[in-house]
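> sequence-free structure coming up:
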């Protein structure tokens, strides 16, 4: 069933999260950057296909909102799934780099690059 | 009447024969006496004549009576024949009436079923509209968990609503109203089915043989599993789980559903097995006063799809439903259609990893938008895989269209990307490139302190680990 951009899926959202709509942590924002933890651990066999796809997608740095777009799922739903994966240690939040700001020369280079647009 | 005639006829015959015998004996006596006694002879002769006359009279009367009896019998036969013809005609009329009334009844039932199907389809369509509206609500307020919670509740209620309506449609022998184009992986089939029952959180799925159900069978199969799950959850204590195991077998795939209830008496089990396997056809009339549609629907779909459904005693004490999906209804599972790029993988492959590469990364997005064949040369392996998948989201399709062309032109990337900057300055980078840009932004900074392009991958990971602690 597909009408003007709405894409239905047989697996309903409440089944994916077990009925939970609130993530286990309240720090996840749509712009929060996420990255898979590459420590060689495999997801447990009981993990759903969406969790696997989510982790696969997150091998690079990706914002929560982007992740949601790729999975065709609402951001708030992905936040629940992501928070579970963070709790289990498979995903990591790449929060704003406050302690390790880029150097001045790099910023100037970025500025130059932007001006060239 | 005929019996009296017969009796009379028989009496006349007896009298005639007696008269004849007596007359004969008179004649014999006459001859024996030999004319000695004239008086006796005369008397005997007279007696013989009288008796003969009597016999003749009696016989002629009997003949008359027999004739009249014959005529009567013929008349009676004609009457009976006419009566028989009348009766036959009446019988034929009654049979015809009965046939036509039966036909009318069948027509009426068909009409009633058609009406039920039409009404149920309407109900189902409205339930799906509710689901769609709920989904749109979440899309509009995509960051609000409370909206998601409400949407989930509405969606769940509407899904059960739609299932009930679709059950009636199935019982009328019609195909389900909802259809899906794409194959659905077996674990997702069970999850989709779980979404249509009340106690979906009690369903535990395990096993993923990497098989999907083909598109045309998705909806009936999901509905069938949903009915089995509904039965399993209703027939077991609310605190127990319903265990679903999916495995691959030689002839296709098997879905086993175990509940932890108390099972069934053997005779009852035999009855429900017949219904669930589709061996016994169940229509509306067979449902009884407290209609139980679940297994009747299962049987209907089992016949429709050619599935084998069996119910046995479970090792957990309750019932085990086993569904065999034949090989022709399964296909190998494709990955979930998502596909995002693992952008960071691309960086170590690029020898030009320096601060300047950031601008290169940013502009490569512009190149992709402008359909520059060289723009995606550095795309890592997973991306090529995904580009072959159908029906990608809009913002990926542009990228996917250039992927094929970009394969051979990898070395030309930096120049082409650089050139495209001036050509199409208004182009927006795709999401992957934006992600790449951000990834590069952080990792480049980290690297600039280390000054070693070869350890880029490790440093990126280290950076991730260092900064990954969630607040």
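Structure's in. What do you need? Bear in mind the structure is a predicted one, so any value in this text is a computation, not a measurement.
> gap between residue B:307 and residue B:299?
As judged by Cβ to Cβ, to the nearest Å, residue B:307 and residue B:299 stand 10 Å apart. Glycine gets a C-beta too; all of them are placed from N, C-alpha and C.
> Which one of these two is surrounded by more residues?
Neighbour totals were compared for residue B:307 and residue B:299, and residue B:299 leads with 26 against 22 (other Cβ atoms under 10 Å in any protein chain shown).
> so who does the closest residue to the more buried one other than its chain neighbours touch?
Nearest non-adjacent residue to residue B:299, counting by Cβ to Cβ, 6 or more residues apart in numbering or on different chains: residue B:278, 4.1 Å away. With contact set as Cβ atoms under 8 Å, 6 or more residues apart in numbering or on different chains, residue B:278 has these partners: B:298-300, B:302-303, B:309.
> Which residues does stretch B:107-122 contact?
B:165-166, B:168-169, B:172-174, B:177, B:284.
> same thing but 10 Å
Contacts of stretch B:107-122 with the rest of the structure, by Cβ atoms under 10 Å, 6 or more residues apart in numbering or on different chains, involve B:162, B:164-174, B:176-178, B:283-285.
> out of the residues you listed, who's near chain A?
Residues of the contacts of stretch B:107-122 in contact with chain A (Cβ under 10 Å from any Cβ of the partner chain): residue B:178.
> Run a quick neighbour tally on residue 17.
Answering for chain A, as no chain was given. By the measure other Cβ under 10 Å, the count of residues near residue A:17 is 23.
> Please refer instead to chain B.
13.
> close enough to count as contact, it and residue B:54?
No: with contact defined as Cβ atoms under 10 Å, residue B:17 does not count as touching residue B:54 (11.8 Å).
> Quick check: the two most widely separated of the contacts of residue B:278?
Within the contacts of residue B:278, B:300 and B:309 form the most distant pair, 10.7 Å apart (Cβ to Cβ).
> Quickly list what's touching both of the two.
In terms of Cβ under 10 Å, 6+ apart, residue B:300 and residue B:309 are both contacted by the residues B:224, B:275, B:278.
> List the buried residues in the helix or strand harbouring the first one.
Secondary structure assignment for residue B:224, by DSSP states H and E: helix B:215-234. Within helix B:215-234, the residues that qualify as buried are B:217-233, counting by 16 or more other Cβ atoms under 10 Å in any protein chain shown.
> and the helix ranked longest in chain A, what does it pack onto?
For chain A, the helix reaching the highest residue count under DSSP state H is reported as helix A:75-88. Applying 3 or more Cβ pairs under 10 Å, 6 or more residues apart in numbering or on different chains; DSSP states H and E, we find helix A:75-88 packed against helix A:13-16, strand A:33-36, helix A:49-57, helix A:64-70, strand A:91-94, helix B:38-140, helix B:145-171.
> Including distance to residue A:109 and mean neighbour count, could the ones you listed go into JSON lines?
Below are these laid out as JSON lines (distance: least, Cβ to Cβ, whole Å; neighbours: other Cβ atoms under 10 Å in any protein chain shown):
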{"stretch": "helix A:13-16", "distance to residue A:109": "43", "mean neighbour count": "24"}
{"stretch": "strand A:33-36", "distance to residue A:109": "22", "mean neighbour count": "24"}
{"stretch": "helix A:49-57", "distance to residue A:109": "30", "mean neighbour count": "21"}
{"stretch": "helix A:64-70", "distance to residue A:109": "25", "mean neighbour count": "23"}
{"stretch": "strand A:91-94", "distance to residue A:109": "22", "mean neighbour count": "22"}
{"stretch": "helix B:38-140", "distance to residue A:109": "38", "mean neighbour count": "13"}
{"stretch": "helix B:145-171", "distance to residue A:109": "40", "mean neighbour count": "21"}
